[in-house]
Structures are given as structure tokens and as C-alpha cells.
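Participant: Would you be able to build a 3D model of this:
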Amino acid sequence: MQAEAIRIIHEEHHALTAMLSAMRGVAERLREHADPRDFDVMRAILLYIDEFPERLHHVKEHEVLFPLVRARSPQTAAVLDRLDAEHQRGEAAVRALEHELLGWEQLGASRAPRFLESLQAYSGFYLEHLRVEESEVLTAAQRTFDEADWEKVLRAFQGHRDPLTGQTPEALYEGLFRKIVNQAPAPIGLGSRA
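Facilitator: Got it, this is the predicted structure:
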């Protein structure tokens, strides 16, 4: 159970890391040439981040993984408090990026620098957040969890699987994931428009 739970968490983290990379690739294409198709795929990526990592993955961490780690490794309290606070700010950060993207799309290139700076800051913040989760939280879990703990974590993380980890998307999200995969640049998608 431990290996499977950790595998799922790592897969979801890797999917988000790849999505952040794809966003930077789409942003670069937009910076070079503001193609409406790239604005469209950027909005799809931001919706993905809002729907899956923000509303599903983080909830599983906040409600299941973090409380178990806190109970088994009290010395991790400060790190867990920080990560929980970052989760709280995550949804607002996505909304701010969506707004700045809309400003660029609707008001023109003068709004591009604001979006690009915010995207860079958001990406850096998120990569550091994931690094801390893996290096400190998962390490503490591996050191202290028993089989019952891992069963709770596995059950929680098996509930809603991220389609970008190879799982079949729910019908509601099929079009969204088809758009991302077909239009976003590698590593997440097949899009290669120059």
C-alpha cells in the first residue's frame, strides 16, 4: 500500500510539474505571437490546475495525508502549517493568473509582462511547494506511518485520479483534456505550433 500511495502522489506531482512547464511553453509562444488558440489552451491549463491540483489533490493532502503526518511526526507542524497556508492561497493565485491572462488577451500586449511575471512567480512557488512536500512530508510519512495509515492515504488518493497521470477523465472533462493534450506543447501535450 505504501508504494502505491506514494506512486500516485508522485504521479500527480509530476503531472502538475509538466503542466507548469507546458504553461511556460504556451506563454513563450504567446509572447512571440498572440495566437487566439494559445490563449484558449492557456485557459484550459489554468482550469485544469484549478479543478485537479487545487480542488482535489490539495484537499486529499489537507484532509488525510497532512493530519496523519502531523499526528505521527509532531516536529513537522511548522512545515505542514506553511503548506496548508500555501494551499489556501493557491486558488486565489490561479484566479489572479486567469485574470491577468484575460487582460493580456483582451487589452493587448501591454498586459503581457504582468502575466509573464506572475506566471514565473507562480511556477517557482509551486515547484518549491512540491519539493517540500516530497522531501519533508513524504519522507516523514515513510519513516512513521503504519499499514493502516497508508491504507487511508491510498484510499483517499485513489478516489479522484488526475487524468494527466494516464487515468481516463470523467466525461465532463474529456474535451478539456483533449484540448490540452492536442494543443499544449511537450512535455504535457502534442502541440508544436511555432
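Participant: Render the CA-only coordinates of the helix or strand bottoming out on mean pLDDT in the chain in CSV, please.
Facilitator: Sorted by mean pLDDT, DSSP states H and E, the helices and strands of the chain end with helix 174-183, the least confident at a mean of 83. C-alpha atoms of helix 174-183 as CSV (Å, rounded to 0.1, in the frame of the first residue of the first chain):
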residue,chain,number,x,y,z
GLU,A,174,-12.9,14.8,-21.7
GLY,A,175,-13.0,17.9,-24.0
LEU,A,176,-10.7,19.8,-21.7
PHE,A,177,-8.1,17.1,-21.6
ARG,A,178,-8.3,16.5,-25.3
LYS,A,179,-7.7,20.2,-25.9
ILE,A,180,-4.7,20.3,-23.5
VAL,A,181,-3.1,17.2,-24.9
ASN,A,182,-3.6,18.2,-28.5
GLN,A,183,-2.6,21.9,-28.2
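Participant: ok, and for that helix, which residues are buried?
Facilitator: 176-177, 179-181, 183 (16 or more other CB atoms under 10 Å). Every residue, glycine included, has its C-beta placed from N, CA and C.
Participant: try stretch 148-163
Facilitator: So for stretch 148-163, counting by 16+ other CB under 10 Å, buried means 149-150, 152-154, 156-157, 160-163.
Participant: which outside residues touch it?
Facilitator: 1-2, 4-5, 8-9, 11-12, 15, 52-53, 56-57, 60, 63-65, 68, 72, 141, 145, 167, 169-170, 173, 177 (CB atoms under 8 Å, 6 or more residues apart in numbering).
Participant: Among those, name the buried ones.
Facilitator: 2, 5, 8-9, 11-12, 15, 52-53, 57, 60, 64-65, 68, 141, 145, 169, 173, 177.
Participant: Output the buried residues of stretch 148-163 in JSON lines; the columns should cover pLDDT.
Facilitator: Shown next, in JSON lines, are the buried residues of stretch 148-163 (pLDDT from 0 to 100):
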{"residue": "Asp149", "pLDDT": "98"}
{"residue": "Trp150", "pLDDT": "98"}
{"residue": "Lys152", "pLDDT": "97"}
{"residue": "Val153", "pLDDT": "97"}
{"residue": "Leu154", "pLDDT": "96"}
{"residue": "Ala156", "pLDDT": "93"}
{"residue": "Phe157", "pLDDT": "91"}
{"residue": "His160", "pLDDT": "71"}
{"residue": "Arg161", "pLDDT": "64"}
{"residue": "Asp162", "pLDDT": "68"}
{"residue": "Pro163", "pLDDT": "70"}
